[in-house]
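Peer 1: please work out how this folds:
(2 chains)
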2 protein chains.
Amino acid sequence: MLPGPTNVPTRVMRAMLRPMINHRGPEFKELYAKILENVKYVFQTKGDVVILTASGTGGVECAISNIVQGANKILVPVYGFFGERLRDNILAMGGKPVEIHIEWGKAVTMDMIEDAVKKDKDIKAIALVYNETSTGTKTNCLKEIGEFCDKHDLLLVVDAISVLGGDDLPVDDWHIDICIAGSQKCLMCPPGLSLLSISEKAWSIIEKSTNTFYFNLKAYRKYEKEGQTPYTPAIPLYYALDEALKMIKEEGLKNFIHRHKICAKAIYKAIESMGLIPFAEEKSRSNTVIAINYPPKVNDSAFRELLRNKYNVVIAGGQGKLKGSIFRIGSMGMVTQAEILQVISAINMALSDLGFELKFGEGIAAAREVFKKEAELVNKDSI
Amino acid sequence: MLPGPTNVPTRVMRAMLRPMINHRGPEFKELYAKILENVKYVFQTKGDVVILTASGTGGVECAISNIVQGANKILVPVYGFFGERLRDNILAMGGKPVEIHIEWGKAVTMDMIEDAVKKDKDIKAIALVYNETSTGTKTNCLKEIGEFCDKHDLLLVVDAISVLGGDDLPVDDWHIDICIAGSQKCLMCPPGLSLLSISEKAWSIIEKSTNTFYFNLKAYRKYEKEGQTPYTPAIPLYYALDEALKMIKEEGLKNFIHRHKICAKAIYKAIESMGLIPFAEEKSRSNTVIAINYPPKVNDSAFRELLRNKYNVVIAGGQGKLKGSIFRIGSMGMVTQAEILQVISAINMALSDLGFELKFGEGIAAAREVFKKEAELVNKDSI
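Peer 2: Just a heads-up that it's a prediction; the model follows:
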């Protein structure tokens, strides 16, 4: 139950064993076309999509490096470790980040965005992390930011690595110009691929770039027309992605996202019923990464080792300045009632073992209530 | 028999199915330490090595972008498609490439290098493709270039993507400062990882760089000390690499390289006995990619489709300006007598089918002679 890499379904793992093929041959062309079509479905876009052999940060670098010559000054709301990483990436690529500092656990507001853009007329783009993995917090006004960018002719770049597929994110409807996802989160694949959607507005800026090579989006677009990638793709990971996208299509994107919502809701309810406090403010809580404050006197390493060794559940600790003060549950991809109930029981038991007073079963009952209500709704719908 | 991706042994494919792990946890740390040790063995280096989740071109970009601020003017001998790519990469990263044009099929000489360096005192580094996949040609004086660079305090960057493990390349002995390999060539893995060795001299230049992020070598070095990578690694590909390196160790690097030499020799002998002419000049012929001129009137697509559909052998055509005039056989990784004899027979048959006059069995006899002599030598040694 990590916030990535997440569990990979057996179907997806097995797909990696398909035979190695020539990435300049007809088999790859066919595979690639199918994948691109399904990636567009998941991004809910009619625009272009690109797949990179690189992890998520490579995808972010790709987005930034391709726009930084045309849109040099970029507004960046920072509310966690990955926001900081995004800012640093802009700096390294030669851009000028204009930072909005936000208290970790809270998210950017429309007022903050409007103020910052009003103050600095040179800002040409907004880049932000939709779902901040380090704090379990999300930008809850992303749709409004998209409308604002559309109206003010700003480019909108969204790091959605830990959330695409796990929460609402209709890229075209929300006017997102470049959206970046990672294979190893909600998409149920092993790590190693980064996926990007690119709007026509973004292309007009990208056209001006001369400072990229491995991440040169113009080259990707050119080769895509021939059913190829400019550089050798990580073929087994493409096979895995192909299979995972098929599974998402079978479930239906709407159901897939809804399942994530129900699972997250169950975890939050369970956590609170146990007397624990989520790290993120209520209105900005992530749907895929649940960050929880440690109760007093519970030691991070002791707790997570107990979970791991005695209860067979692996979750993550805090990152950066939150190390030791929070723990994080990834609720992504293949996650179902079964996993949720197991992780809640394990947390309940481990906390009890460590002397934190709670009644056994408290969390479970709350989670069960969420799943029960959901089942009733589904039954009602199907009558 | 492609010049990459090459066939991946079943052991290596199966290794990808090991369970997904936390890349910040103890299991990854252990895996990573083992891999790094074995990568050093294959590079024959005591220096640092780094593994990137990216294909070979990503590795080249990593090398170039990390040195280009400290060593801006870079001498690049260009004798094929990948040399051109290297030059373009330097340009995109903001460097000043000083190009040595070499006729395709020939390789750079020491005279050319010395002349160029004498003429331009601002040259701080030499970057070259050791084994030019597009032409089946190699830089046969790489050892001497290394000595020259050592003596003149120049940095030496070597793209060895299609050759590391398949030909002599003792990185430390030859004074190579940054050497780049790809997982999907001689190393018998699927594509998706790039491997680099880095000398102390290179680090002194890299320290000055501020323009990298995903490919920031300083970050890789820092995280490596903790048994981690800065960004999420493509875990299944790490498993594959781990297994492939074990296989190379079991065979012994010396034997592994020698097997490549014998196989290449058998192909060249067979090809010539059939009346075909290798594209590369004799002294610069590649040990891993055998490029062959088409005899008159043999059509590239017709020939390779026949090979593929009737004889079940996949080889590559020409790239760039050589498209249609040569074909290329990859002899890398898992290649043995069996594959060589099969590919030669298939080429023999397909050429006959297309009306090119040759006696059946000519190539086979020549290849067999090479393998027979080799077996006699081995037997003699073992008495």
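Peer 1: where's whichever residue of the stretch 51-200 of chain A sits closest to chain B relative to A:T53, distance?
Peer 2: For the stretch 51-200 of chain A, the residue closest to chain B is A:G192, as judged by CB to the nearest CB, at 2.8 Å. Placement of C-beta: from N, CA and C, glycine included. Counting by CB to CB, to the nearest Å, the gap from A:G192 to A:T53 is 7 Å.
Peer 1: mutual contacts of those two, please.
Peer 2: Common neighbours of A:G192 and A:T53, counting by CB atoms under 8 Å, 6 or more residues apart in numbering or on different chains, are A:234, A:237, B:53, B:192.
Peer 1: return the list of helices and strands in contact with the helix or strand the second one falls within.
Peer 2: Okay, so that is A:L237. Assigned by DSSP states H and E, A:L237 belongs to helix A:235-251. Packed against helix A:235-251 by the contact rule (3 or more CB pairs under 8 Å, 6 or more residues apart in numbering or on different chains; DSSP states H and E) you find helix A:10-15, helix A:26-43, strand A:48-53, strand A:193-198, helix B:235-251.
Peer 1: could you rerun that using 6 Å?
Peer 2: Counting contacts by 3 or more CB pairs under 6 Å, 6 or more residues apart in numbering or on different chains; DSSP states H and E, helix A:235-251 packs against helix A:10-15, helix A:26-43.
Peer 1: which residues touch whichever helix or strand comes after that helix?
Peer 2: Next helix or strand after helix A:235-251 toward the C-terminus (DSSP H and E): helix A:253-273. With contacts defined as CB atoms under 6 Å, 6 or more residues apart in numbering or on different chains, helix A:253-273 is touched by A:166, A:248, A:287, A:290, A:292, A:331, A:335, A:340, A:344, A:362-363, A:366-367, A:370-371, A:374.
Peer 1: for stretch A:314-333, same thing?
Peer 2: Stretch A:314-333 is contacted from outside by A:1-3, A:6, A:81, A:134, A:166, A:185-186, A:188, A:263-264, A:267, A:279, A:288-293, A:300, A:308, using CB under 6 Å, 6+ apart.
Peer 1: stretch A:222-237 now?
Peer 2: Applying CB under 6 Å, 6+ apart, the contact partners of stretch A:222-237 are A:16, A:23, A:29, A:32, A:53, A:192-193, A:219, B:55, B:57, B:190-192.
Peer 1: please apply the same query to stretch A:90-102.
Peer 2: Contacts to stretch A:90-102, defined as CB under 6 Å, 6+ apart, come from residues A:64-65, A:68, A:72-79, A:87, A:108, A:112, A:116, A:120, A:123, B:213.
Peer 1: just the strands from the stretch 201-350 of chain A, written as ranges.
Peer 2: Secondary structure of the stretch 201-350 of chain A by DSSP state E, counting those that start in this stretch: the strands cover A:289-293, A:316-317, A:326-330.
Peer 1: with the stretch 51-200 of chain A instead?
Peer 2: In the stretch 51-200 of chain A, the strands defined using DSSP E, counting those that start in this stretch lie at A:73-78, A:96-101, A:125-129, A:131-132, A:137-138, A:155-159, A:178-182, A:193-198.
Peer 1: the fourth one - what's its average pLDDT?
Peer 2: The average pLDDT within strand A:131-132 is 98.
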